[in-house]
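Novice: need a structure here:
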Amino acid sequence: MNRVDPETVARFERLKEATRFVMFETEVTEWPIGTHGGTAFVVVFEGKPYALTARHVARDFRWNQLCILNNRLGRNIAGLKAVYHAGQTYGAAVETDLGDLQIIEFADHIDAAWFGDAIFNLDEPSMSRAEQGDALVIYGALKEKSTILDGHIAPVFASLGFEDDGPSEFDPTLRICIGQWEGIEFTSVTGMSGGPVFNMTRGGLSGLMLRGGLRSDGLWSAHYLDIPDAVRILRSIHNGQLADRYEKVVSYAERDADIRPW
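Specialist: Modelled structure (predicted):
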């Protein structure tokens, strides 16, 4: 990877601190905390904190059981007020992964200061839409390396390097990235869903990972929600506007370029 400027490095470090291991309270005495894997990302938007993750990580847990800690390895659990997702879509958004974005609103007494420095400021300078060939890093918790045992929570976070491969041909809300690594000690990227996608080339947040895996050609791929789509839904929720329509024009010409994993 080419050398990156100090401001980009500092922003990425802040992003890492704002990332959480997805856990849920259970009703089982022997196992008070459980998980199916997953990553949440705590952000402040126009002065108010929210958490973003992938809706599918809950599986059979209820969202009111979700535990978002005050920091990445903290002990204090934030109270929740509501959770939101795009429950009804129209036009080109029908049957897309837009509905897999889950946005968590915290209780009224939980403000941005409650998270200290472990929160990411979702303002314009901190966001950068990706273009094909950009160097990306997806940050999140690997399920197969993380453990919850005897009340001891030990998440293992990873920074995985990818290269943007352009928009999805089948889902206008998603972009695709590819990666290839040597000497890895895991067999699956399960648990990275919901993790932030940071653009090292442009110095900002480019999206939120929704799913990924190993391809038949030996390359790893991930599908991530384009950051403007995530912010558009978040803004509507923040403004109390629970119905919104907008058009998004996607060009597929950039997919003609060669794939160059790094």
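
Novice: mind listing the helices for the stretch 1-150 of the chain?
Specialist: With DSSP state H, counting those that start in this stretch as the criterion, the stretch 1-150 of the chain has helices at 6-17.

Novice: Could you list the low-pLDDT ranges of it?
Specialist: Counting by pLDDT under 70, the ranges of the stretch 1-150 of the chain that qualify are 1-2.

Novice: ok, which stretches of it are strands?
Specialist: For the stretch 1-150 of the chain, the strands defined by DSSP state E, counting those that start in this stretch cover 19-21, 23-28, 31-34, 39-45, 48-54, 66-67, 80-84, 101-106, 120-121, 135-141, 147-149.

Novice: mind checking which of those strands is nearest Phe162?
Specialist: The closest of those to Phe162 is strand 135-141. By Cβ to Cβ, the value is 4.5 Å. In this view, the C-beta of every residue, glycine as well, is placed from N, C-alpha and C.

Novice: Name the residues of the closest one that come out as buried.
Specialist: Neighbour counts over strand 135-141 (16 or more other Cβ atoms under 10 Å) mark 135-141 as buried.

Novice: With stretch 88-105 instead?
Specialist: For stretch 88-105, the neighbour count (16+ other Cβ under 10 Å) marks 93, 96-105 as buried.

Novice: Which pair of the residues you listed spans the longest distance?
Specialist: Using Cβ to Cβ, the buried residues of stretch 88-105 span at most 23.0 Å, a distance reached by Thr96 and Glu105.

Novice: quick one: Arg59 from His36, how far?
Specialist: For Arg59, the distance to His36 equals 5 Å [Cβ to Cβ, to the nearest Å].

Novice: Looking at these two, which has the bigger crowd around it?
Specialist: The neighbour count for Arg59 versus His36, taken as other Cβ atoms under 10 Å, is higher for His36 (17 against 11).

Novice: and that one, how far is that from Gly161?
Specialist: 25 Å.

Novice: Same check on Asp5?
Specialist: The value you get for Asp5 to Gly161, if Cβ to Cβ is used, is 17 Å.

Novice: now do Lys145
Specialist: From Lys145 to Gly161 the distance is 17 Å (Cβ to Cβ).

Novice: Please apply the same query to Trp181.
Specialist: Trp181 is 7 Å from Gly161, by Cβ to Cβ.

Novice: Kindly report the same for Leu66.
Specialist: 29 Å.

Novice: Neighbour count: Trp181 and Gly161, which is higher?
Specialist: Neighbours were tallied for Trp181 and for Gly161 using other Cβ under 10 Å; the higher tally belongs to Gly161 (17 against 12).
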